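Engineer: Got a predicted model here, sequence first, then my questions.
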Amino acid sequence: MQGHFYAQTFNVAPVLTATGNQIYCPQTSMKIVTDMTIVDPDNNGIDAIYIQISSGYSIGTDILALTGIHPTISSSWNPTLGKLTLFGLSGQPTYTALIAAIKDVEFSNSSTNPSGSRTFSITVGEANYLPSNGHYYQYISNIGVTWTSAKTLAELSQYYGLQGYLATITSVEEKQLSGEQAAGAGWIGGSDEETEGVWKWMSGPEAGTNFSYTFWNTSEPNNQGNEDYAHITAPGVGILGSWNDLSNTGEASGSYQPKGYIVEYGGTPGDPVLQISTSSTITIPSITSTVQASNCDSSSMTLQATTNIGTINWYTNPSGGTPIHTGTSFTTPILTTTTTYYVDSFPAGCTSGTRTAVTATVNQVPTITINPTTPICEGNTASITASTTIGTISWFDSMTSTTPIATGSTFVTPNLTTNTTYYAEANNNGCISSRVSVSVSVNPIPNVTDETIEICENDTLVLNAGISGMTYLWSTGETTQSVVYNGSNNYSVIVTNSSNCSKTKNFTIIEYAEPIIQEVLVQGSTATIIMSQAGDFEYSVDGINYQDSNIFTIQQGGLYIAYVKEKHDCGLDTQSFIIISIPLFFTPNGDGVNDNWIIKGLTHYPNAKVGVFDRYGKLIIQLTATKFFWDGTHNGQQLISDDYWFTLKIDDTKPEIKGHFSMIR
């Protein structure tokens, strides 16, 4: 048998190496590498080289441009991607020509004060290369592709032997390169289909892990319409390069229609180790922090600054001139006025860039002046004022107190009863004046106290201010030390001493009315004493036993005397009254007890008349003040036990009284 052998050849990937981590001078152009090599054992050229600002890219101000003369090379700058493509004018360029061109690619930034650092990825493929993790990112356009289809297609992709997967974005650098600097918006490998609200990466080395970094657009994810899949938002919708959630199919058209997907290469176990990309970095020096200083009056101060790279230079001017010092700390000469210095960390030869101001502040020590105070009267407040050459005034209650009781140019004291000293100082940004004292003199007020005086109605009373040798002003307008009471309940007098300090003495006059009985109102057995005026009175009908009530119940008819006296010994009044007692029955049986029907008290009314009638209305007897009882007989004959009626007319001024009673034998 004749054997057949087939020779198989392999295209070895090129190895790219760049050097040149450099410091950038603002508003200059700088070559991105100091040296560049491409080693490829089986090829002497390639179609294109792609150079991208893969981290720190500032769209609109950062530019990569090919300089110099390169007859076989042309270039194309894409500001959206931050990518410069070097390709042949006709046919495939050689590595030699490409290396020369790479060495002539320059970076520039149009800002007057740029910051940060820029990493440049140099690669032989179109995929975006991120040097920090060695991964590649490629946007694949595919209108209307579903998330599940995009995931499958990504996993079928390879890049120089690297396994593809739907991109997993876990850092700010990845977000910028795969989102903001991508060719379009599309699917990434995240989903919360498994548990709503719990977003996980579903592809690549991070498959099954929760999001550790997110860059959701405003109000996203919102899960409108069962949206379980992560998508980089279309340009012009919210934050550039941010994420939103979509359903598996997304919208049929518009901004939320899937336009493609992003494939990430790198990090999969078994991936080959490639050197098809290399990188270089430039750093823009910047002052990252400063420490200002301040002091009082004339002094030397130490200022400090830190930088992200390089040596710090100190200047007296915001631009131009030569450094007066280098290093992170600078000790000023003795300063009498506030002075600003300027720092940068640009290397020698940089002629532009913004310097950072660092100020040494000289604060004036204040001088405080207290305005004169006038004495006050006991129990009043004093208003103390002060002025300062600069700063804020604080007031204290002692020379050593650290807590102010007030601030400001004017201090109103509390009410004072004795001479009191206060202290003021001024503070100008920590520069403290000498503490100055001010004493408030307190003059005593007249020692008078209020009085309450009790008198009887119509008594004569002289009111006295109680202290001599003063001036007086009474509420009546009188100006003497004493005045005669004129019947008013309240008096006051303002007493003023020689220091012109005054105090008001108040008199409360309690006048007790004399008792005057207007009448005694008798209704049956009840007697009510009616007074002519109100007062603090007590009442009696025997002159011995008194009570607060003016109402008495008296069962026994007869002549009585009402007594009313004022409780504070301000008088007594009396008035007689009569109680008429009409019995309800009598027993004329000759036992000597209740044998007659007698209206007691009738004898005191000489004009009174009483008629007694039987149940048929027949007049039995007429009684008068002289004949004031009935023994139960008529014409000498005893009448039977029965109910009888009566009429009583005391006089023509009082109504007739009618009633009945019983005779019981």
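Structural biologist: Cool, got the structure.

Engineer: Wait, a helix at Ala97?
Structural biologist: Yes - checked against DSSP: H, G, I helix; E, B strand; the rest coil, Ala97 lies within a helix.

Engineer: count of neighbours near it?
Structural biologist: For Ala97, the count of nearby residues is 18 (other C-beta atoms under 10 Å). C-beta here means a position set from N, CA and C on the backbone, and glycine is covered the same way.

Engineer: so it makes contact with Ser74?
Structural biologist: No - using C-beta atoms under 8 Å, Ala97 is not in contact with Ser74; the gap is 11.0 Å.

Engineer: shared neighbours, those two?
Structural biologist: Both Ala97 and Ser74 are contacted by Gly88, under the criterion C-beta atoms under 8 Å, 6 or more residues apart in numbering.

Engineer: Walk me through the regions of the stretch 201-350 of the chain where pLDDT falls short of the threshold, as ranges.
Structural biologist: Across the stretch 201-350 of the chain, nothing is flagged by pLDDT under 70.

Engineer: Show me where it has its strands.
Structural biologist: All strands of the stretch 201-350 of the chain, identified by DSSP state E, counting those that start in this stretch, fall at 229-232, 243-246, 260-265, 277-283, 287-291, 293-296, 302-307, 313-315, 325-326, 329-331, 339-344.

Engineer: So what touches the second one?
Structural biologist: Strand 243-246 is contacted from outside by 147, 179, 188, 190, 192, 214-217, 220-223, 227-233, 237-238, 256, 258, using C-beta under 8 Å, 6+ apart.

Engineer: and what of the fifth one?
Structural biologist: By C-beta under 8 Å, 6+ apart, the surrounding residues in contact with strand 287-291 are Leu303, Gln304, Ala305, Thr306, Thr307, Asn308, Ile312, Val343, Asp344, Ser345, Thr356, Val358.

Engineer: dump the residue contacts of the third one.
Structural biologist: It stands for Ala305. Shown in contact with Ala305 (C-beta under 8 Å, 6+ apart): Ile287, Ser289, Thr290, Val291, Ile312, Thr328, Phe330, Val343, Thr356, Val358.

Engineer: make it 6 Å
Structural biologist: If you count contacts by C-beta atoms under 6 Å, 6 or more residues apart in numbering, Ala305 has them with Ile287, Thr290, Ile312, Val343.

Engineer: and the first one, how many residues sit next to it?
Structural biologist: In this case it means Ile287. Neighbours of Ile287 (other C-beta under 10 Å): 20.

Engineer: with the contacts of strand 287-291 in mind, which one is nearest to Val15?
Structural biologist: Of all the contacts of strand 287-291, Val15 sits closest to Asn308, with 31.6 Å by C-beta to C-beta.

Engineer: residues in contact with Ser110?
Structural biologist: Listed by C-beta under 6 Å, 6+ apart, the contact set of Ser110 reads Thr61.

Engineer: which strands and helices sit next to the longest strand along the chain?
Structural biologist: Ranked by number of residues, the top strand in the chain under DSSP state E is strand 502-512. Strand 502-512 is packed against strand 451-456, strand 490-496, with contacts defined by 3 or more C-beta pairs under 6 Å, 6 or more residues apart in numbering; DSSP states H and E.

Engineer: hmm, try it at 10 Å
Structural biologist: strand 451-456, strand 462-464, strand 471-474, strand 490-496 (3 or more C-beta pairs under 10 Å, 6 or more residues apart in numbering; DSSP states H and E).

Engineer: what bridges to Ile393?
Structural biologist: On the basis of DSSP bridges, Ile393 is bridged to Ala426.

Engineer: Asn427 is in contact with that one, correct?
Structural biologist: Yes - using C-beta atoms under 10 Å, Ile393 makes contact with Asn427 at a distance of 8.1 Å.

Engineer: hey, what's in contact with both of those two?
Structural biologist: The contact sets of Ile393 and Asn427 overlap at Pro366, Pro404, Thr407, Ser433 (C-beta atoms under 10 Å, 6 or more residues apart in numbering).

Engineer: Show me which pair in these is furthest apart.
Structural biologist: Farthest pair in those (C-beta to C-beta) is Pro366 and Pro404. Separation: 14.7 Å.

Engineer: Between those two, which is the more surrounded one?
Structural biologist: The neighbour count for Pro366 versus Pro404, taken as other C-beta under 10 Å, is higher for Pro366 (21 against 17).

Engineer: residue contacts, that one?
Structural biologist: Neighbouring residues of Pro366 by C-beta under 10 Å, 6+ apart: 296, 387-393, 425-428, 431-434.

Engineer: How about it, nearest residue that isn't a chain neighbour?
Structural biologist: Excluding the flanking residues, the one nearest Pro366 by C-beta to C-beta, 6 or more residues apart in numbering is Ala426, at 3.6 Å.

Engineer: Just the buried residues of the contacts of Pro366.
Structural biologist: The neighbour count (16 or more other C-beta atoms under 10 Å) marks Cys296, Thr388, Gly391, Ile393, Glu425, Ala426, Asn427, Asn428, Cys431, Ser433 as buried among these.

Engineer: Between which two of those residues is the distance greatest?
Structural biologist: Spanning the widest gap among the buried ones among the contacts of Pro366 are Cys296 and Ile393, at 17.1 Å by C-beta to C-beta.

Engineer: Can you give me the neighbour number for the closest residue to Phe211 other than its chain neighbours?
Structural biologist: Closest residue in space to Phe211, ignoring its immediate chain neighbours: Trp199 at 4.7 Å, by C-beta to C-beta, 6+ apart. Each residue near Trp199 was counted by other C-beta under 10 Å, and the total is 22.

Engineer: With Gly20 instead?
Structural biologist: So Gly20, with other C-beta under 10 Å, has 17 neighbours.

Engineer: Also Asn415?
Structural biologist: For Asn415, using other C-beta under 10 Å, the count is 11.

Engineer: ok, it to Ile640 distance?
Structural biologist: Asn415 is 95 Å from Ile640, where distance means C-beta to C-beta, to the nearest Å.

Engineer: on that earlier part again, could I get the contacts of strand 287-291 as TSV with distance to Thr626?
Structural biologist: Putting those into TSV (distance: C-beta to C-beta, whole Å) gives the following:
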residue	distance to Thr626
Leu303	132
Gln304	132
Ala305	135
Thr306	135
Thr307	139
Asn308	138
Ile312	140
Val343	137
Asp344	141
Ser345	142
Thr356	134
Val358	132
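
Engineer: and which of those residues is nearest Ser115?
Structural biologist: Nearest to Ser115 among the contacts of strand 287-291: Asn308, at 8.6 Å, using C-beta to C-beta.

Engineer: related to what we said a few turns ago, compare the helices and strands packed on strand 502-512 and give me the one nearest Ile599.
Structural biologist: The closest of the helices and strands packed on strand 502-512 to Ile599 is strand 451-456. By C-beta to C-beta, the value is 42.4 Å.
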